[in-house]
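S.K.: return a 3D structure for these sequence lines:
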Amino acid sequence: MQTSRPFLALAAAGTLVLAGCAAPAEADPADAQTDGAEAAAPAAGGGEPLDILLTNDDGWDAPGITAAYEALTGAGHSVTLVAPAENQSGKGGSVDITGTLEVTQPTDDPQIHSASGTPATAASFGLKEVMEEAPDLVVSGINAGANAGTDIRSSGTFGAASIASGSYGVPAIATSLDASSEDQADYEAAAQLLLDIIEQGAGSLEPGYVLNMNYPDPAEAPEDPEVVYAETAQGSGYVTTYEHQDGDTYEVSLGHAEDAPESGDLAELSKGNVTLTLITTTPSLPAEEAGDVTALVDALN
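M.R.: Predicted structure coming up:
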């Protein structure tokens with residue numbers, strides 16, 4: 001395993017190049033709720049089929065996660081879906097730590113589970129209670145709307161992937177589609193790119209990092225968008241407004257920002273490019289890079 005380069009290298013044409021292969025850490029064992037009786041079929045493209053936990057923040061039956069589930073299982077991967085019962089967008093990495101959690105199997109498919117908690121709770125429950133052992137990969141999405149720039153801080157899509165990689169040691173991918181409306185959402189194209197990423201680059205993903213993928217708005221992007229690596233933009237793609245109603249009541253609404261930042265993932269999305277960003281789940285600096293804070297520590301002692 002190569003631990004010195006925890007990233008995906010991008011060739012000029014946008015092809016993913018493997019940088020190493022990392023074995024996932026084990027999640028807490030629990031009673032399995034999946035049969036696992038038969039071995040999975042060979043994955044498309046000749047690679048080994050993976051055990052994948054699939055989750056999201058839009059709800060277990062949202063169009064994006066449905067497209068991802070169908071694409072992943074159709075390619076031969078063994079997929080366990082554990083996702084919120086209802087839309088939980090904007091919950092970030094929030095985890096339910098008290099109360100009750102209702103988990104059901106809402107369809108005839110025994111691999112699909114609905115959980116009443118947040119996205120991170122659904123991912124945590126899936127890893128601890130549903131899957132018999134740690135999966136090879138956690139996929140969160142495909143989200144309705146981009147998760148780029150500073151918006152990842154409140155993204156339930158990213159939050160679910162982050163807890164999987166950061167707390168459970170399972171490599172994770174967060175996937176989103178920047179669609180201006182559901183009618184224009186092309187989840188199948190985003191799901192196909194997800195398959196390509198997994199086939200060519202999943203082996204180079206390491207615990208402690210999330211690969212954040214954003215697919216551009218199909219209404220504005222070319223038919224075959226270019227894949228680029230882009231840093232997280234210092235800005236938001238959305239604007240939150242608070243409209244006073246009466247008394248102590250305000251109506252909260254979310255809309256698209258008119259202007260995208262001039263650089264970073266949001267800028268690239270506005271150009272019609274697919275963006276890949278590798279994000280650490282442990283956002284702290286080593287002491288030698290902490291600057292004046294280390295001097296402050298010395299002064300306090």
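
S.K.: quick one: end-to-end length of stretch 130-140, please.
M.R.: Stretch 130-140 has an end-to-end distance of 16 Å (C-alpha to C-alpha, to the nearest Å).

S.K.: and it, which residues are buried?
M.R.: Under the neighbour-count criterion of 16 or more other C-beta atoms under 10 Å, stretch 130-140 has 130-131, 134-140 buried. Heads up, the C-betas are built off the backbone N, CA and C, glycines and all.

S.K.: what's the answer for stretch 256-275, then?
M.R.: Of the residues in stretch 256-275, those buried (16+ other C-beta under 10 Å) are 260-261, 264-270, 272-275.

S.K.: which of those residues scores worst on pLDDT?
M.R.: Lowest in pLDDT among these is Ala260, which has 70.

S.K.: contacting residues around it?
M.R.: 233, 235, 237, 266-267, 269-270 (C-beta atoms under 8 Å, 6 or more residues apart in numbering).

S.K.: out of the residues you listed, who's nearest Gly159?
M.R.: Gly237 (17.0 Å; C-beta to C-beta).

S.K.: tally of neighbours for the closest one?
M.R.: Neighbour count for Gly237, taken as other C-beta atoms under 10 Å: 22.

S.K.: which parts of the chain are helices?
M.R.: 63-74, 119-125, 156-168, 187-201, 265-270, 292-300 (DSSP state H).

S.K.: can I get those in a markdown table including distance to Gly90?
M.R.: Listed next are those as a markdown table, based on distance: least, C-beta to C-beta, whole Å:
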| stretch | distance to Gly90 |
| --- | --- |
| helix 63-74 | 16 |
| helix 119-125 | 10 |
| helix 156-168 | 6 |
| helix 187-201 | 20 |
| helix 265-270 | 18 |
| helix 292-300 | 31 |
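
S.K.: out of the ones you listed, the one nearest Asp224 is which?
M.R.: helix 187-201 (9.2 Å).

S.K.: check which helices and strands the closest one sits against.
M.R.: Helices and strands touching helix 187-201, by 3 or more C-beta pairs under 8 Å, 6 or more residues apart in numbering; DSSP states H and E, are strand 16-17, helix 63-74, strand 137-144, strand 172-177, strand 209-215.

S.K.: for Leu254, which of these is the nearest?
M.R.: strand 137-144 (12.1 Å).

S.K.: neighbouring strands - and their directions - for the closest one?
M.R.: Using DSSP bridges, the strands paired with strand 137-144 are strand 51-55 (parallel), strand 172-177 (parallel).

S.K.: alright, calling it a day.
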